[in-house]
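Asker: Below is the structure, and that's it, no one-letter string:
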């Protein structure tokens, strides 16, 4: 949703991204951080499993 | 003036008395000129603002060339069985550094300058409250962390600093190739790139930084706060990580484990040199903006004057001095290009004020001591695969201290004589010690914890088989197959 009262670029005088003034930036930041952590957890598990196959 | 006005507007004089006409025309002329001056000022301000934005924007792709260089250099320094996994590790370090620096690294830079009090410093651009108002991805601060028509500075500054962060992680990356686990490495990279060096930058590379305001520490090109922190962080990790299998013999003597592609390594090092022009360019504060130190001249991050010409003189002389110094005793292109890096790093703290010939001499000396320092470390059982601890750590501290010897008495900050600290040897030594600790301690502690949880080193069987088989569903040189040459250390 356009973060200003009327849908015109002429009224834009500051932040102009989606969600400005609402909860979206914070939620997106949190989800992005969770993705980074989740990828590390998944990556660690899969790499460990594969590495074990080379144990003698 | 009257005649001039009358000549320009003859049609108005036919019906109005000349004196009244002249007064009105003069007023009109003044109003017109005032409007023109205002328009010119506005146009000039727009040009300056766009120049400033473009200046930092262009440092970002230049610094990405550093990463192209590190990528080539690390892959070239790896044996054939590990070439792609080294590349993957390097790419992931870069990729994780950007979001983590966005999440909290940028906040740390603005929040930490006055130390652990998180209070506002004398320049008024530091402390927890200030950081929380400009550097968080939520709430009101988010306006400075995303597209904003009224803010053409935050994004390019963030980008440049994020690339500094990624550089620190890449410095550590090369030292640990061929035996580290991917996720363990990424965690270490994040601790280094989005925390350890950022604290060092807040303390020693910020107008409110306590190392600067109390001790006069000057480290213009980040010899200590980027290179030494990253180099000694790598040393802390290497102690817990241990050497590659086959690196050391039972009697403690070391084997040389050559990478699979020396030309790739040397070209990678040259690319790092190219990227450093962007890195050092990004250390300059351009004039004329609300956040600039001066209206008419560039400055360092400390508000002391600098020109890009200074950088041009001194970087070139330092690169040359480092290469020549390393060639004298090694004759080895790997060490010659490492010497070029050492040349820049050894002079980085004072690239703004060194005389070019002096920069050459210091860089030459760094090139000479480089290999003996790396050999000394190796004799102590440290397997630094690319010499990162020496090139960045040891030479970084050497550079910080060298400036204390040669640059004593230069004002360390913008301000009146007697009111601002001056560069001094003791201050630079204190800075060097702090930078060493900010690198080594977190590197050692976090890698020790990772080791306890079995997340640091790859399993022995996988290391012997080759990390590409474990980590990468592709082959670096598929046509070579099982006929690939092996080194004695395998």
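Answerer: Structure received. Remember, predicted model here, so these are calculated numbers, not experimental data.
Asker: Up against chain A, what does chain B have?
Answerer: When proximity is defined by CB under 8 Å from any CB of the partner chain, chain B lies next to chain A at B:96, B:99-100, B:103, B:137-139, B:142-143, B:145-151, B:181-183, B:186-187, B:455, B:458-462, B:464-465, B:469-471. All C-beta spots, glycine's among them, are computed from the backbone N, C-alpha and C.
Asker: Could you tell me which of those residues are located in helices?
Answerer: B:96, B:99-100, B:182-183, B:186-187, B:460-462, B:464-465, B:469-471 (DSSP state H).
Asker: Give me the nearest residue to residue B:441, chain neighbours excluded.
Answerer: residue B:236 (7.0 Å; CB to CB, 6 or more residues apart in numbering or on different chains).
Asker: and the one you found, what does it touch?
Answerer: B:439-445, B:447 (CB atoms under 8 Å, 6 or more residues apart in numbering or on different chains).
Asker: what number of residues lie near the residue in the stretch 351-490 of chain B that chain A sits nearest to?
Answerer: The nearest approach of the stretch 351-490 of chain B to chain A comes at residue B:461, 3.6 Å away (CB to the nearest CB). Residues within reach of residue B:461, counting by other CB atoms under 10 Å in any protein chain shown, total 14.
Asker: Need the nearest residue in space to it, chain neighbours excluded.
Answerer: Leaving aside its chain neighbours, residue B:461 sits nearest to residue A:54 (3.6 Å; criterion: CB to CB, 6+ apart).
Asker: Which of the three states applies to that neighbour?
Answerer: coil (DSSP: H, G, I helix; E, B strand; the rest coil).
Asker: Counting neighbours, what do you get for it?
Answerer: Neighbours around residue A:54, by other CB under 10 Å: 17.
Asker: my read: it touches residue B:465, true?
Answerer: Yes: if you go by CB atoms under 8 Å, residue A:54 and residue B:465 touch, sitting 4.8 Å apart.
Asker: Quick check on the ones in helices among the residues of chain B next to chain A: which are buried?
Answerer: By neighbour count, with 16 or more other CB atoms under 10 Å in any protein chain shown, those hold B:96, B:99-100, B:182-183, B:186-187, B:462, B:465, B:469-471 as buried.
Asker: where are the low-confidence patches of the chain?
Answerer: Let's take chain A. Within chain A, no range satisfies pLDDT under 70.
Asker: Not quite, go with chain B.
Answerer: The model of chain B has pLDDT under 70 over residues B:1-21, B:481-490.
Asker: can you pull out the helices in chain A?
Answerer: Assigned by DSSP H, the helices in chain A fall at A:24-52.
Asker: So which bits of it are right by chain B?
Answerer: So chain A meets chain B at A:12-17, A:20, A:25-26, A:28-30, A:32-33, A:36, A:40, A:43-44, A:47-48, A:50-52, A:54-56 (CB under 8 Å from any CB).
Asker: Spit out the contact partners of the spatially closest residue to residue B:446 that is not a sequence neighbour.
Answerer: Excluding the flanking residues, the one nearest residue B:446 by CB to CB, 6+ apart is residue B:191, at 5.1 Å. By CB under 8 Å, 6+ apart, the contact set of residue B:191 is B:442-443, B:446.
Asker: most surrounded residue in these?
Answerer: Ranking the contacts of residue B:191 using other CB under 10 Å puts residue B:443 first, with 27 neighbours.
Asker: so that residue is in which element?
Answerer: Here residue B:443 sits within helix B:425-452, counting by DSSP states H and E.
Asker: Now do the contacts for the one residue in chain A that gets nearest to chain B.
Answerer: The minimum distance from chain A to chain B, using CB to the nearest CB, falls at residue A:26 (3.1 Å). If a contact means CB under 8 Å, 6+ apart, then residue A:26 has B:137-139, B:142 as its contacts.
Asker: Out of these, grab the one that's most surrounded.
Answerer: Sorting the contacts of residue A:26 by how many neighbours each has (other CB under 10 Å) puts residue B:142 first, at 24 neighbours.
Asker: Please name the residues that touch the closest residue to it other than its chain neighbours.
Answerer: Closest residue in space to residue B:142, ignoring its immediate chain neighbours: residue A:25 at 4.1 Å, by CB to CB, 6+ apart. Shown in contact with residue A:25 (CB under 8 Å, 6+ apart): A:17, A:19, B:137-138, B:142, B:145-146.
Asker: In TSV: the residues you listed, plus distance to residue B:353.
Answerer: As requested, the contacts of residue A:25 are exported to TSV (distance: CB to CB, whole Å):
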residue	distance to residue B:353
A:17	41
A:19	46
B:137	38
B:138	41
B:142	39
B:145	35
B:146	38
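Asker: okay, now the nearest residue to residue B:68 once chain neighbours are set aside: neighbour count?
Answerer: Nearest non-adjacent residue to residue B:68, counting by CB to CB, 6+ apart: residue B:271, 5.2 Å away. Counted with other CB under 10 Å, the neighbours of residue B:271 add up to 19.
Asker: Just the element for residue B:271, please.
Answerer: For residue B:271, the host element (DSSP H and E) is helix B:262-281.
Asker: For the very next helix or strand once past that helix, which helices and strands make contact with it?
Answerer: Using DSSP H and E, the helix or strand that follows helix B:262-281 in sequence is helix B:308-330. Contact here means 3 or more CB pairs under 8 Å, 6 or more residues apart in numbering or on different chains; DSSP states H and E; on that basis helix B:308-330 packs against helix B:262-281, helix B:333-347, helix B:356-379.
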